[in-house]
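Asks: quick check, what structure comes out for this input:
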Amino acid sequence: MGRRSKRIRKIASLVGDHRVYSIEEAIDTLKKCPPVKFDQTVDISIKMGIDPRKSDQQVRGTVSLPNGTGKTLRVLVFAQGSKVQEALDAGAAFAGHDELFDKVKGGWTDFDVVIATPDMMREVGKLGKVLGPRGLMPTPKAGTVTTDVGAAVREISKGKIEFKLDKQAVCNSGVGKISFSKEALVENIRALLQAIARAKPATAKGNYFLSVVLSSTMGPGLEINRQEIPSA
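Replies: Numbering: from 1, shown residues only. Model (predicted):
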């Protein structure tokens, strides 16, 4: 307990009074926090000024983080025939159809991303109760329903991520690891913010970005100065 409270006191002294940070300052502060025994993920939480319950105010898309996520993703591909080997050759952890359908239907979710060829979607749709709540259902918009499974697997492995809002109009995403250089993290964060800015619905009114908070797994949440956020 004493060690934990010492760590919290150190973080509190670094953060001080509430203030906003430039992206660079926020990363510097997170890097100065006392280390833990694993390479923490740097996360971004973006509160949007739209109503995600309205079908014309959906914000969803993909972006390739220039420096990757730092995480090895386990990709599952639902496919048949030659597409199974194509997916495995590209680096998919799992690929196939009937046996994998049965495993997932039974509640198995030991994977991070699901890709499916279009001819598999009728069956994949039946797995909605397992995949849906975890945000794992493949969609054409995310590039995870495709005949080019090899390219899709490689893009995801290089750092292609999907962004979307939750019911509270918040977008949460990992943007790298604390071990990344400051420059690499800044590039990743700016790439994500610009992609979300480009995805602004035509019907969105008022402030599109309400707040942006940067944090690490065991670190504080630091609010980013609005001047750092791209205009949408």
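Asks: and the longest helix anywhere in the chain, what's buried?
Replies: When the chain is parsed with DSSP state H, its longest helix is helix 182-198. Using 16 or more other Cβ atoms under 10 Å as the test for burial, helix 182-198 gives 184, 185, 186, 187, 188, 189, 190, 191, 192, 193, 195, 196. C-beta here means a position set from N, CA and C on the backbone, and glycine is covered the same way.
Asks: which residues touch that helix?
Replies: Helix 182-198 is contacted from outside by 23-24, 27-28, 31, 42, 44, 46, 59, 61-67, 159, 161, 163, 171, 173, 175-176, 180, 208-209, 212, 214, 229-232, using Cβ atoms under 8 Å, 6 or more residues apart in numbering.
Asks: make it 7 Å
Replies: With Cβ atoms under 7 Å, 6 or more residues apart in numbering as the test, helix 182-198 has contacts from 23-24, 27-28, 42, 44, 46, 59, 61, 63, 65-67, 163, 171, 173, 175-176, 229-230, 232.
Asks: same check, this time on stretch 74-89
Replies: 92-97, 100, 110-117, 120, 124, 149-150, 153, 156.
Asks: quick one: the residue minimising distance to the centre of the chain and residue 109, what's the gap?
Replies: Nearest to the mean C-alpha position of the chain, counting by Cα atoms, centre = their mean, stands residue 173 at 3.6 Å. Distance of residue 173 to residue 109, given as Cβ to Cβ, to the nearest Å: 20 Å.
Asks: cool, and residue 19?
Replies: Taken as Cβ to Cβ, the span from residue 19 to residue 109 is 40 Å.
Asks: tell me which of these two has more neighbours.
Replies: Taking neighbours as other Cβ atoms under 10 Å, residue 19 and residue 109 compare with residue 109 leading, 14 against 10.
Asks: nothing else from me, thank you.
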